[in-house]
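**Student:** Need coordinates for the below:
(one chain, ligands or ions: 2)
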Amino acid sequence: MTAQLIDGKAIAAQVRAEVAARAAKRNAEGKPKPTLATVLVGDRADSAAYVSSKQKACAELGMGSLNQSLPADISQAELEKLIASLNADKSVHGILVQLPLPSHLNEERVLQLIGVEKDVDGFSPINIGRLAQRGREPLFVPCTPAGCVYLLDKSGVQIEGAHAVVLGRSNIVGMPAALLMMARNATVTVCHSRTQDLPALVKQADILIVAIGNAEFVRGDWIKPGAAVIDVGINSKPDATKKSGYRLVGDVNFDEAKEVAGCITPVPGGVGPMTIAMLMQNTLRAAEIQDA
Ligand code: NAP
Ligand code: L37
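**Tutor:** Numbering: from 1, shown residues only. Ligands and ions are numbered 1, 2, ... in the order given. All right, here's what the predicted structure looks like:
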């Protein structure tokens, strides 16, 4: 292996320790516990697992949490009523609606209801709009892209002036990751399912961020020697040597890429833990904003 391994788990642990210390200090000052409300609709196993990690992180960091688990067939009106009640609840500082929602629900209308000061996922139109415009600051930056940038900074990767290639343009990862890299003065190329000659574009990347949901799709020989590779993908791959029968892999072929890249995130233990650490940071900030 020639690449430096970017240890997302260790870097996330540092962020979590800082958040826990700030939360404890607030607590000692008699301020309300930073509290996150999660909203989970339906019973997707992956979404349920991520929401439960988020709840567990709140408890471990001395923060409060409440989870609203709703049946998959809840109506739009009922879901909107719940968001309105969380907006009005002074003991709730952050609201996270776990995506994707079942297809009969209107995601855009749900996200736009979340008060901007409680929008710890950064997906409400005002936060995303501010992220997209020069000279405007969103109150909250989406957690997964924020985690990617944090990992690059911690690894000493120069973002300004670099060519960043982002694979994927989803609302929750690719698009905000591209906007963040642009805000940091990278030159950005965004690729998607209709992009022609992906390997040639990837080859130009000083920084490669991959979020497509396609196991081990990016091959080692596509990567520019020395590039920083951030693999956001989480895919399960059959593996008979595991008790569960599968293991998690990213969107990048790690064994090949680690021989070419300058630094690279593993899956698991890369971006995933950072997503949760950034959410905890955003929830603490939400409480700080709401005290003022
Ligand atoms: P998504 O909504 O399915 O979006 C996938 C994006 O990738 C789309 O823009 C799609 O293009 C593009 N794409 C798909 N196949 C492609 C291909 N062969 N070549 C080029 N582009 C392609 O997925 P997502 O929510 O962004 O998630 C992506 C991955 O990240 C998943 O594995 C997910 O589990 C993981 N994830 C991880 C975290 C974390 O914290 N680590 C957080 C969120 C998501 P079109 O736009 O043209 O359809
Ligand atoms: N903020 N995140 C936010 N909002 C959403 O609506 N869907 C979604 C979202 N995505 C999300 O929470 N993703 C996510 C993915 C992976 C982890 C956490 C969150 C994670 O902890 N991954 C671990 C391994 C998990 C496992 O073993 O199953 C990792 O090391 O990558």
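
**Student:** Make sure Gly233 is actually in contact with Ile209.
**Tutor:** No. Gly233 lies out of contact with Ile209 (C-beta atoms under 8 Å); the separation is 10.5 Å. Where C-beta positions appear, they are placed from N, C-alpha and C, glycine not excepted.

**Student:** Around ligand 2, pick out the residues from the stretch 151-292 of the chain.
**Tutor:** Applying C-beta under 6 Å from any ligand atom, we find that the stretch 151-292 of the chain lies next to ligand 2 at 172, 234, 248, 267-269, 272-273, 275-276, 279.

**Student:** out of the residues you listed, which are buried?
**Tutor:** 172, 234, 248, 267, 269, 272-273, 275-276, 279 (16 or more other C-beta atoms under 10 Å).

**Student:** Would you mind giving those as TSV with pLDDT and secondary structure added?
**Tutor:** As requested, these are exported to TSV (pLDDT from 0 to 100; DSSP: H, G, I helix; E, B strand; the rest coil):
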residue	pLDDT	secondary structure
Ile172	96	coil
Ile234	97	coil
Leu248	97	strand
Val267	98	coil
Gly269	98	coil
Gly272	98	helix
Pro273	98	helix
Thr275	98	helix
Ile276	98	helix
Leu279	98	helix
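
**Student:** for those residues, which one is nearest ligand 2?
**Tutor:** Gly272 (2.1 Å; C-beta to the nearest ligand atom).

**Student:** all helices for the stretch 1-150 of the chain, in order.
**Tutor:** 8-28, 45-60, 76-88, 107-113, 125-132, 143-154 (DSSP state H, counting those that start in this stretch).

**Student:** Those helices into CSV, with extra columns for mean neighbour count and distance to Pro199?
**Tutor:** Below are those laid out as CSV (neighbours: other C-beta atoms under 10 Å; distance: least, C-beta to C-beta, whole Å):
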stretch, mean neighbour count, distance to Pro199
helix 8-28, 16, 26
helix 45-60, 15, 29
helix 76-88, 15, 42
helix 107-113, 16, 33
helix 125-132, 17, 29
helix 143-154, 24, 22
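
**Student:** closest one to ligand 1 among those?
**Tutor:** Across the helices of the stretch 1-150 of the chain, closest to ligand 1 is helix 143-154 (C-beta to the nearest ligand atom), at 4.2 Å.

**Student:** how long is stretch 183-199 from one end to the other?
**Tutor:** One end of stretch 183-199 sits 25 Å from the other (C-alpha to C-alpha, to the nearest Å).

**Student:** And stretch 146-165, by the same measure?
**Tutor:** Using C-alpha to C-alpha, the two ends of stretch 146-165 sit 16 Å apart.

**Student:** For it, which outside residues touch it?
**Tutor:** 4, 6, 8, 11-12, 15, 122, 177-178, 180-181, 184-189, 191, 201-202, 204-209, 228, 230, 232, 262-263, 265, 270-271, 274-275, 277-278, 282 (C-beta atoms under 8 Å, 6 or more residues apart in numbering).

**Student:** how about the nearest residue to the residue in the stretch 51-200 of the chain that ligand 2 sits nearest to, chain neighbours excluded?
**Tutor:** Closest to ligand 2 within the stretch 51-200 of the chain is Leu99: 3.3 Å, counting by C-beta to the nearest ligand atom. Nearest residue to Leu99, sequence neighbours excluded (C-beta to C-beta, 6 or more residues apart in numbering): Ile172, at 6.1 Å.

**Student:** That neighbour and Thr144 touch, don't they?
**Tutor:** Yes. Contact status for Ile172 versus Thr144: in contact at 6.6 Å, counting by C-beta under 8 Å.

**Student:** which residues touch the most centrally placed residue in the chain?
**Tutor:** Central residue of the chain (C-alpha atoms, centre = their mean): Thr144, 1.5 Å from the mean position. Contacts here follow C-beta under 8 Å, 6+ apart; on that basis Thr144 touches 172-173, 177, 211, 232, 271, 274-275, 278.
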